[in-house]
Structure formats: structure tokens, C-alpha cells
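Student: A structural model of the following input is requested.
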Amino acid sequence: MNKLLHVCFIIGLSITLIGCSISDFSIGEKKSEPKKEIIRDKNCNKYKKAMDYASIYIQEEFEKGYFSKKDIVGAKAQLFLIESGSPTIFAKNINAAKDSYDSNYNLSKKGNCNLKSFYVHPLVKLKNSIETLEKQKAK
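Tutor: Next up is the predicted model:
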């Protein structure tokens, strides 16, 4: 009889502890769904640094080679060579930077990184700079 009382006590204590551990359960109330948090990739800063470096490199190379001299025709020609995948050294270097930018952008996107400051692609920035130079020259 003493063992039966001991077993009942343990079962009762277990039921009580299990009942107390269910903190979100209430009779008649709906359990609310947990808020989904966006989990940021731990490498976001690494991706962003690589994207910044590639973007700055592309912009500075065009600035030194064409924009500082207001060479619109040269800039357009070089951009054409880059987009065509030309084997020239300049085009290869810019395309390598563009590929680095693109791959890090895709990794950032998969990692749920904040990409607000990267909404304009570096080659689009170049095209915008060329258009700005053209407008200035037309004046």
C-alpha cells in the first residue's frame, strides 16, 4: 500500500508540473501565432563590404578614365565593351567587379540582409552619370 501511495504521489506531482509548464494554454482562448522575425544572415556586413568595394571600384575607374575628362563617347564605348564581355583588360576588371557585386547581392538577398542602399546597380549608376554628362554638354 505504501508503494501504491508513493506511485500515486509521483503521478500526481508529474501531472501538476506538466500542467503548470503549459503557460500559453487557456480554455476558451485562441493561441496567437508567434511573430515571425526576419533572421539576418551573420555575413551581411561581409557581403555589403564586398558590394561597396566593387561599386566604388567601378565608379572610380570610370571617373578617372572618362568622367573627369568629360569623355562621353569613350565612356559609352567602354560601357558597350563591358556589356559585350570584351576581353580587354579594363572590361575584364570591371566585369569581375560587377560579377562580385552581383554574387554578393544574391547572397545578401538569400540572407535577408537589408539592401536599401544597394537599389541601384553600379552599371546603372554609370549610365546615369553618362546621361548627366550629356545633359550638361547640351546646355
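
Student: For residue 111, what are phi and psi?
Tutor: Backbone torsions for residue 111, taken as degrees, to the nearest 10, come to phi -90, psi 10.

Student: mind checking pLDDT for it?
Tutor: What the model reports as pLDDT for residue 111 is 91.

Student: How about it, nearest residue that isn't a chain neighbour?
Tutor: Nearest residue to residue 111 in three dimensions, chain neighbours excluded: residue 41, at 2.5 Å (CB to CB, 6 or more residues apart in numbering). Every C-beta, even on glycine, is put in place using the N, C-alpha and C of the backbone.

Student: what's in contact with the helix ranked longest in the chain?
Tutor: Counting residues, the longest helix found in the chain (DSSP state H) is helix 89-110. Residues outside helix 89-110 that contact it (CB atoms under 8 Å, 6 or more residues apart in numbering): 41, 43-44, 47-48, 50-51, 53-55, 57-58, 61, 65, 78, 81-82, 84-86, 115, 118, 121-123.

Student: for it, which positions count as buried?
Tutor: Using 16 or more other CB atoms under 10 Å as the burial criterion, the residues of helix 89-110 that qualify are 91, 94-95, 97-98, 100-101, 104-105, 107-108.

Student: burial of residue 87, as a residue count?
Tutor: Residues near residue 87, counting by other CB atoms under 10 Å, number 9.

Student: Who are the contact partners of residue 127?
Tutor: Going by CB under 8 Å, 6+ apart, residue 127 touches residue 79.

Student: Tell me how far it lies from residue 64.
Tutor: 18 Å (CB to CB, to the nearest Å).

Student: now swap in residue 130 and tell me
Tutor: Counting by CB to CB, the gap from residue 130 to residue 64 is 15 Å.

Student: What of residue 97?
Tutor: In this view, residue 97 and residue 64 are 14 Å apart by CB to CB.

Student: picking that back up, columns pLDDT and distance to residue 73 on top of the buried residues of helix 89-110, output as TSV?
Tutor: Listed next are the buried residues of helix 89-110 as TSV, based on pLDDT from 0 to 100; distance: CB to CB, whole Å:
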residue	pLDDT	distance to residue 73
91	95	16
94	96	17
95	96	21
97	96	23
98	96	22
100	97	28
101	97	26
104	96	32
105	96	30
107	94	36
108	93	35
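
Student: Fine, thanks again, bye for now.
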